[in-house]
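Visitor: make a model of this:
(chains A and B, ligands or ions: 5)
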Amino acid sequence: MADPTENRSLTPKERLAIGRVAMPQQDPAARVTNFSEVNLGLEESAAVMEARRCLMCKNRPCVAGCPVGVRIPEFLEQVAQGNFATAAEILYGDNALPAIAGRVCPQERQCEEVCVRGKKGQSVAIGWLERFIADWSAAHGFTAAAAKPAATGYRVAVVGSGPGGLTAAGELAKRGHDVTIFEALHDSGGVLRYGIPEFRLPKRIVDAEVAGLVSLGVKIEFNVVVGKTITVPDMLKDFDACFIANGAGLPVFLNVPGENLKGVYSANEYLTRVNLMGAWKGSQSSTPIARGATAVVFGGGNTAMDSVRTARRLGSQRAVLAYRRGRAEMPARAEEVAHAEEEGIEFMFLVAPVEILGDAQGWVRAVKLQRMELGEPDASGRRRPVVVPGSDFELPAELVIVAVGTKANPLLTRTCPQLALNPWGNIIADENHMTSIPGVFAGGDIVRGGATVILAMGDGKEAAGRIDQYLRQNKTPRR
Amino acid sequence: MFKILSEQEIAPAVHRLVVAAPRIAAARQPGQFVIVRAAEGAERIPLTIADADSAAGTITLIVQAVGDGTRRIIEQARAGSLRDVAGPLGRPTEIERFGNVACVGGGVGTAVLFPLAKALAAAGNAVTAIIGGRSKGLVILHQEMAEFCRQVLVTTEDGSMGIKGFVTAALAELLAAPADSAQRPAAVYAVGPVPMMRAVAEQTRPAGIRTIVSLNPIMVDGTGMCGGCRVTVGGQIRFACVDGPEFDGHAVDYAELSSRQNAYLDPRCKLDEQLAASQKKGSRA
Ligand SMILES: Cc1cc2nc3c(=O)[nH]c(=O)nc-3n(C[C@H](O)[C@H](O)[C@H](O)COP(=O)(O)OP(=O)(O)OC[C@H]3O[C@@H](n4cnc5c(N)ncnc54)[C@H](O)[C@@H]3O)c2cc1C
Ligand SMILES: Cc1cc2nc3c(=O)[nH]c(=O)nc-3n(C[C@H](O)[C@H](O)[C@H](O)COP(=O)(O)OP(=O)(O)OC[C@H]3O[C@@H](n4cnc5c(N)ncnc54)[C@H](O)[C@@H]3O)c2cc1C
Ligand code: SF4
Ligand code: SF4
Ligand code: FES
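Guide: Ligands and ions are numbered 1, 2, ... in the order given. Presented below is the predicted three-dimensional model:
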């Protein structure tokens, strides 16, 4: 193992001389034929070297850039010294799901964006190191789990088992509360399970996190659609508080003719069939999926990127991502864009759908697109695309996937009229994550609209703390 | 796990299952359905809640084993339990007092119709049920329907039971009755194969008789998340699992529904053939 004193004795100049590590990857030609993970993870020696690039800045801008405030320089210092177990203790203290965050966080817009080393050159690969420590911990049976605390006699219900719900449940269980998660689907994880594909986030990682929660005493009841099977008011009879993290949910469609042709999917349906229902396993799964020699995906976010890369893996020779704006405006993570390019995904910028065209059997055969150019900036500060008149053209396609966003699912809120919503149907929560109903808290996408995994986890963690306070101040323990 | 309390074949390949599902039994209203996943790795299959007993905590499902998914449900039910049953999903039927109502069911559609007819009768409507099947053995639930319907008309294509012909012939007779007669329906509910629902809607359209159909598009989650169940009603996209499954029969795009229902029977889902064809054409690099 690395000499622990060696790291401390490095001068800033020596640290600056170390170049950013490269992430070992599966070869692009091979990976478009399988669903195995693209990034293979850092070797120990590479991880130590990468951690040594950290300048241990006094003002720690990276920590402020992380939504859950991971003590980055502290954990990196331990990695740099080869003290992986100590690094893990620090990391798990701040982030309950580092194996997931390290893989899917948009690091380049969070911790790594503000990393001092990124100002001149390349930032420290914080996300990769986080993943390294999480994987090292799993491989070495390291568990940060503290001894099971004494039961408090409080019961808390959590709606949804996405990253927000899972994190809240874990934090509440660690405080000794009796937690039950109600999940509408037959399996856990939310978007981590049904949205993000295996090649980006292997499901064994989600399984391991969920198993950890169960060992802490968290109960998960599947097939319970809150708003249908039971309502929030029902839950409040049996539970002392409740945390709602039911995600965003409803797919937005393009509203162009031909959208209901066969072979046209929402990204939610396409990815759910492939990921949750296992259609990627081919004949081993009972769920069918349409395939196409040419696939066209509309959108520019992570969902669009996951869809187009999935279509490529399911056999589309030509997989096109069609986006209304330009490359710089794409909200997808930089790493996904780079990986997609390596996999031969074709990017078409500044195009918008006009119509989807079908054949006599009702299957899609082509999409009609029109060209756009960037005009004045809109409210979001992004330059608004405007149509170039007379620029229509047809692109043949047998598979079309619409990944242009989601909106709030009203199933739960409709049956709980006391819950205050914003004009888009998202639940309003205050700075304590409490909604308009005392004892009912909410977080993640249902509050924020489409956001990120780490923000949902941050909400879950913070809300758990506030729920704990609320219970102790307002409720008498059962038993 | 959801325990099966009884399983019975009530017609060839049509099974009645009584499932222990206390929460669903308590919450369910007529017109709603569940999504069933027989076992690990199985499809999510939508099935109407044909009946429920909230005191006993049970729901009744009537399943026609038409393909792999439904056959697997029967197999697992015989083994004693189903892995997942989620619901109640969809909007409940809006039960009004119409006076005379005709409830038209074709094939396993009769099972979907049964709870609606029962609720309509309970609300004080005089219900005439018209139940069709290819032959006698395929006619289901006529005795159960007779318990609350004013009359039950059975039609079979081969004439082995009741009136020989299609349900539409029997309905035509009711529609031909004078407007103020006790025969003539003020509203018609139709559930069955798409061509049947479409034919019924065409029959009632000229007189503008309120017609409600229950649609059965292919579904995945049943909660509005995937959009796979979208149907066009009155020119607008609606999700059958959250906005339906019942819609105004005169506004539904049936051709689109039929087409979408057979998506996974089409060889197009097999990419190899497509690729071979496109390579033959030499159309792609
Ligand atoms: C394809 C895709 C790729 C993405 N990639 C990234 C990425 O790389 N990085 C990143 O940071 N973010 C990514 N995101 C966004 C991120 O996944 C979400 O912001 C995050 O999952 C939100 O977490 P959540 O806990 O709020 O909700 P979700 O993950 O949506 O989970 C909600 C859960 O609640 C359940 N539920 C819904 N309604 C009910 C109900 N009525 N009763 C009971 N249960 C219910 C759902 O079934 C689900 O399991 C991606 C999103 C998608 C769709
Ligand atoms: C709201 C709703 C309520 C329903 N209630 C009942 C019920 O009470 N009893 C019952 O027996 N059936 C009911 N169905 C239909 C049932 O879901 C389908 O028969 C079943 O999904 C077919 O699956 P399979 O794998 O057995 O057949 P497959 O082998 O997949 O297909 C058999 C045939 O059914 C068609 N099909 C496939 N999936 C569906 C689907 N979801 N809906 C309609 N047709 C489909 C196929 O195109 C094919 O023609 C209902 C459907 C919906 C949407
Ligand atoms: S959780 Fe995300 S933002 Fe925070 S340190 Fe890890 S990768 Fe960076
Ligand atoms: S900003 Fe970068 S260099 Fe500075 S402490 Fe954080 S990770 Fe290290
Ligand atoms: S079945 Fe998925 S939205 Fe209706």
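
Visitor: in the stretch 101-250 of chain B, what residue is nearest ligand 3?
Guide: Nearest residue of the stretch 101-250 of chain B to ligand 3: B:M225, at 26.0 Å (CB to the nearest ligand atom). C-betas here are computed from N, CA, C, even on glycine.

Visitor: who are the neighbours in contact with that residue?
Guide: B:M225 sits next to A:G249, A:L250, A:P251, A:N268, A:T272, A:N409 when contact means CB atoms under 8 Å, 6 or more residues apart in numbering or on different chains.

Visitor: so for it, what pLDDT did the model give?
Guide: pLDDT, B:M225: 95.

Visitor: with the one 5 residues further on instead?
Guide: At B:R230 the predicted local confidence, pLDDT, stands at 97.

Visitor: what bridges to it?
Guide: B:R230 has these beta-bridge partners by DSSP bridges: B:F239.

Visitor: contacts only, for it.
Guide: A:F253, A:N260, B:P217, B:I237, B:R238, B:F239, B:A240.

Visitor: re earlier: in helices, which of the contacts of B:M225 appear?
Guide: Cross-referencing those against helices under DSSP state H gives A:N268.

Visitor: A:Q284 against A:G278, yeah?
Guide: Yes: shown here, A:Q284 and A:G278 form a contact pair, counting by CB atoms under 8 Å, at 7.1 Å.

Visitor: who has more neighbours, the two?
Guide: Shown here are A:Q284 and A:G278; by other CB atoms under 10 Å in any protein chain shown, A:G278 has more neighbours (17 against 9).

Visitor: from what I see, the more buried one and B:E40 are in contact.
Guide: No: A:G278 is beyond contact range of B:E40, at 10.0 Å (criterion: CB under 8 Å).

Visitor: list the contacts of residue 31.
Guide: Just going to use chain A. A:R31 sits next to A:Q25, A:V38, A:F199, A:R313, A:E343 when contact means CB under 8 Å, 6+ apart.

Visitor: um, chain B though
Guide: Applying CB under 8 Å, 6+ apart to B:G31 gives the contacts B:G90, B:R91, B:P92, B:T93, B:P115, B:L116, B:A119, B:S214, B:P245, B:E246.

Visitor: and the nearest residue to it once chain neighbours are set aside, what element?
Guide: Nearest residue to B:G31, sequence neighbours excluded (CB to CB, 6 or more residues apart in numbering or on different chains): B:T93, at 3.3 Å. Following DSSP states H and E, there is no helix or strand that holds B:T93.

Visitor: tell me how many other residues crowd B:T93.
Guide: Look at B:T93: counted by other CB under 10 Å, it has 20 neighbours.

Visitor: could you check how far it is from ligand 1?
Guide: For B:T93, the distance to ligand 1 (CB to the nearest ligand atom, to the nearest Å) stands at 22 Å.

Visitor: does that residue touch B:A119 like I think?
Guide: Yes: between B:T93 and B:A119 there is a contact at 6.2 Å, judged by CB under 8 Å.

Visitor: what's the closest non-adjacent residue to residue 23?
Guide: The chain I'm using is chain A. In space, and not counting its chain neighbours, A:M23 is closest to A:N39: 5.2 Å by CB to CB, 6+ apart.

Visitor: correction: the question concerned chain B.
Guide: A:T229 (5.1 Å).

Visitor: what's the one you found in contact with, if anything?
Guide: Counting by CB under 8 Å, 6+ apart, A:T229 touches A:N223, B:R23, B:I24, B:A27, B:A86, B:G87, B:P88.

Visitor: and the two most separated of those residues?
Guide: A:N223 and B:A27 (12.5 Å; CB to CB).

Visitor: more crowded one of the two?
Guide: Comparing A:N223 with B:A27 by other CB under 10 Å, the one with more neighbours is A:N223, at 23 against 20.

Visitor: surely that one is within a strand?
Guide: No: looking at A:N223 with DSSP: H, G, I helix; E, B strand; the rest coil, it is coil, so not inside a strand.

Visitor: pLDDT score for A:C115?
Guide: 95.

Visitor: I'd say it and A:V63 touch.
Guide: No: in this structure A:C115 lies outside contact range of A:V63 using CB under 8 Å: 10.4 Å.

Visitor: more crowded one of the two?
Guide: Neighbours of A:C115 and A:V63, each counted by other CB under 10 Å, are more numerous for A:C115; the result is 24 against 18.

Visitor: with adjacent residues omitted, what lies nearest to the more buried one?
Guide: Of all residues not flanking A:C115 in the chain, A:S123 sits nearest, at 3.6 Å (CB to CB, 6+ apart).

Visitor: circling back: between the contacts of B:R230, which has the most around it?
Guide: Counting neighbours by other CB under 10 Å, the top entry in the contacts of B:R230 is B:A240, with 26 neighbours.

Visitor: ok, which residues in the stretch 1-150 of chain B are in contact with ligand 2?
Guide: Neighbours of ligand 2 within the stretch 1-150 of chain B, by CB under 6 Å from any ligand atom: B:33, B:43, B:45-48, B:62-64, B:66-70, B:108, B:111-112.

Visitor: let's go with 8 Å and repeat that
Guide: Residues of the stretch 1-150 of chain B lying near ligand 2 by CB under 8 Å from any ligand atom: B:14, B:33, B:43, B:45-48, B:50, B:61-73, B:89-90, B:108, B:111-112.

Visitor: so which of those are in strands?
Guide: With strands defined by DSSP state E, the entries of those inside them are B:V14, B:F33, B:I45, B:P46, B:L47, B:T48, B:A50, B:L61, B:I62, B:V63, B:Q64, B:L89.

Visitor: can you redo those residues as JSON lines with pLDDT?
Guide: Output for those, formatted as JSON lines (pLDDT from 0 to 100):
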{"residue": "B:V14", "pLDDT": "89"}
{"residue": "B:F33", "pLDDT": "97"}
{"residue": "B:I45", "pLDDT": "96"}
{"residue": "B:P46", "pLDDT": "97"}
{"residue": "B:L47", "pLDDT": "96"}
{"residue": "B:T48", "pLDDT": "95"}
{"residue": "B:A50", "pLDDT": "92"}
{"residue": "B:L61", "pLDDT": "96"}
{"residue": "B:I62", "pLDDT": "93"}
{"residue": "B:V63", "pLDDT": "94"}
{"residue": "B:Q64", "pLDDT": "90"}
{"residue": "B:L89", "pLDDT": "97"}
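
Visitor: quick one: which of those is most hemmed in?
Guide: Highest neighbour count within those: B:T48, with 30 neighbours (other CB under 10 Å).
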